[in-house]
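In: Whatever this is, show me its structure:
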Amino acid sequence: MNIRQLCIIALFLLTACGGGGGGGGAAPTVIGGVASKGIIVGGTVTVYALNADGSKTVLRKDIPTDSNGRYSADVGGYAGPVVVEVWGDYTDEATGAIKHITQGEPLRAALSSVSGNVALSVTPLTDLAVRQAGTLTAQKILAANKQISEIFKVDITATAPVATTAQAFQSSQTTQAQKDYSLALAAISQQMKTGTQLSAVLDTLQGGITDTGLSEQAAHTFTTSVSEFIANDKNQTGVASIADTSLKAVGLTTVKLVLVLEGNAAACKGLQTVITLPAGVTMRADTSGQILDGAIVAAGSASGGYLTGRYAAATQSESATITLALTPAGTLAAGAIVEINADIAPGSAVPLLSGFTVDGGQSNFSGEHGVELSGMVLSLMFKI
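Out: Model (predicted):
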């Protein structure tokens, strides 16, 4: 056998084994996110696999956090439930002092399943979800993360909080959800300002969790803490009122709706409509009436389009309304085009779908060059 033949055989074996950068193996699982109570700089992260018997096995340890609190942990081919623990120093938002999360009482976050690239922030709110889950089974982890996210009006695992600084809050890259999350963590620091330990604050919050969300007293205490931080001279965010955040709705029950477009929508290049809300239902909007990001989301064929909304609160003579305007990025199709997250005021019953109306008389559809279109209808459904 000559050298040329040996080289061909070696190349064949290398290709068959997935070598040369064209690997046929499964992509590794990489878990990454932000660790914050405020931002934990130079902290230490450990990632554990959760076993069926409730025990945990180290997947990666001694992963550092960077100057923005970010970490990244490659756990190889592992797929399944995980717990991430973080400890280290952070700058307390309410006092400006350097404080420490100990290795003995780390911040924790859990996911029911991981595979591929996974976002997982680690904060007091994710730790609250771990506490709420109790026994860390996949089902209980999933339910607890969903419950705490709904209470605080932010996806606690996927959203990355930022530092409570003017630079971070004024960046065009920072979303409303990130700002709200960061202010929620600052409110927890505000509650710790008198010397209360983090564990005690989380115990109190957990004690206020009810079957429908958060008790009125617990919600009032929390939103008061948000307002107190905003008034704190350490607040550098530029946020002047809780009214300009989604945190004013903490503890309220959220009603999830879907705006559905029916008819031949392919030629539609823009639409506007007015939705009337039943008594006791409100929208998260700033003091000017602009609906906040996350309260309305373009969906389906409208995803990636330009969506704006304005909220008019109820008066003695008029029901509350939201005015939506949508410009799709591409071609629209029949189906769900907007998801709406409205809130129910304390003491109000969950409304019937018939309590919400889409005013056809105030809906208009336009095509190229603003030409008015017909043959389309809008309706509402509850999101399941």
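In: Might you list the low-confidence residue ranges for this protein?
Out: Within the chain, the stretches with pLDDT under 70 are 1-25, 360-361.
In: Tally up the residues packed near residue 238, please.
Out: Using other CB atoms under 10 Å, residue 238 is surrounded by 11 other residues. Every residue, glycine included, has its C-beta placed from N, CA and C.
In: Mind telling me what element it is part of?
Out: Using DSSP states H and E, residue 238 is not contained in any helix or strand.
In: right, and it touches residue 169 too?
Out: Yes. Counting by CB atoms under 8 Å, residue 238 touches residue 169, with 5.6 Å between them.
In: For residue 204, see how far away residue 197 is.
Out: Per CB to CB, to the nearest Å, residue 197 is found 11 Å from residue 204.
In: Give me the more crowded residue out of those two.
Out: Neighbour totals were compared for residue 197 and residue 204, and residue 204 leads with 14 against 10 (other CB under 10 Å).
In: tell me the secondary structure for that one?
Out: Per DSSP: H, G, I helix; E, B strand; the rest coil, the local secondary structure of residue 204 is helix.
In: close enough to count as contact, it and residue 215?
Out: No. Residue 204 lies out of contact with residue 215 (CB under 8 Å); the separation is 10.8 Å.
In: What is the neighbour count of residue 309?
Out: Neighbours around residue 309, by other CB under 10 Å: 20.
In: what's the answer for residue 172, then?
Out: Using other CB under 10 Å, residue 172 has 5 neighbouring residues.
In: In which helix or strand does it reside?
Out: Per DSSP H and E, there is no helix or strand for residue 172.
In: Check residue 184 too.
Out: Using DSSP H and E, residue 184 falls within helix 176-192.
In: Apart from its neighbours in sequence, what residue is nearest residue 142?
Out: The shortest distance from residue 142 to any non-neighbouring residue, by CB to CB, 6 or more residues apart in numbering, is to residue 112 (4.2 Å).
In: and that neighbour, that's in a strand?
Out: Yes. Per three-state DSSP, residue 112 lies within a strand segment.
In: Residue 140 versus that one, what's the distance?
Out: In terms of CB to CB, residue 112 sits 8 Å off from residue 140.
In: and what of residue 383?
Out: Distance of residue 383 to residue 140, given as CB to CB: 23 Å.
In: When these two are compared, which one has more neighbours?
Out: Shown here are residue 383 and residue 140; by other CB under 10 Å, residue 140 has more neighbours (17 against 13).
In: so the more buried one sits in a helix?
Out: Yes. Residue 140: assigned to a helix according to three-state DSSP.
In: Now for the residue nearest to it when sequence neighbours are not counted: which residues touch it?
Out: Of all residues not flanking residue 140 in the chain, residue 133 sits nearest, at 4.3 Å (CB to CB, 6+ apart). Contact partners of residue 133, counting by CB atoms under 8 Å, 6 or more residues apart in numbering, are 110, 140-141, 143-144.
In: What subset of these is buried?
Out: 110, 140-141, 144 (16 or more other CB atoms under 10 Å).
In: Tabulate those (JSON lines), appending distance to residue 159.
Out: Output for the buried ones among the contacts of residue 133, formatted as JSON lines (distance: CB to CB, whole Å):
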{"residue": "110", "distance to residue 159": "16"}
{"residue": "140", "distance to residue 159": "21"}
{"residue": "141", "distance to residue 159": "17"}
{"residue": "144", "distance to residue 159": "16"}
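In: Just give the number of residues close to the closest residue to residue 307 other than its chain neighbours.
Out: Excluding its sequence neighbours, the residue lying closest to residue 307 (CB to CB, 6+ apart) is residue 298, at 4.5 Å. Look at residue 298: counted by other CB under 10 Å, it has 21 neighbours.
In: what does the one 5 residues further on give?
Out: Using other CB under 10 Å, residue 303 has 14 other residues around it.
In: now it: how far from residue 297?
Out: Per CB to CB, residue 303 is found 9 Å from residue 297.
In: One more: residue 374?
Out: As judged by CB to CB, residue 374 and residue 297 stand 27 Å apart.
In: Show the residue spans covered by the helices in the stretch 251-384 of the chain.
Out: Assigned helices in the stretch 251-384 of the chain: none (criterion: DSSP state H, counting those that start in this stretch).
In: actually the stretch 101-250 of the chain, not the one I typed
Out: 124-133, 138-152, 166-170, 176-192, 198-207, 216-231.
In: could these go into TSV alongside distance to residue 116?
Out: What follows is the helices of the stretch 101-250 of the chain, written out as TSV (distance: least, CB to CB, whole Å):
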stretch	distance to residue 116
helix 124-133	20
helix 138-152	17
helix 166-170	28
helix 176-192	22
helix 198-207	31
helix 216-231	34
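In: Please identify which of these is closest to residue 369.
Out: Residue 369 sits nearest to helix 176-192 of all the helices of the stretch 101-250 of the chain, at 33.0 Å, using CB to CB.
In: helices and strands around that closest one, which ones?
Out: Taking 3 or more CB pairs under 8 Å, 6 or more residues apart in numbering; DSSP states H and E as contact, the helices and strands that helix 176-192 lies on are helix 124-133, helix 138-152, helix 166-170, helix 198-207, helix 216-231.
In: Figure out how far it is from the centre of its chain.
Out: Relative to the centre of its chain, helix 176-192 is centred 13 Å away, using CA atoms, centre = their mean, to the nearest Å.
In: what does stretch 293-307 give?
Out: 15 Å.
In: Any chance you could list what contacts it?
Out: Outside stretch 293-307, the residues that touch it by CB under 8 Å, 6+ apart are 153-154, 175-177, 180, 246, 258, 265, 283-285, 309, 322, 324-333, 335-342.
In: Can you go through these and name the buried ones?
Out: The neighbour count (16+ other CB under 10 Å) marks 153-154, 175-177, 180, 246, 258, 265, 283-285, 309, 322, 324, 326-328, 332, 336-342 as buried among those.
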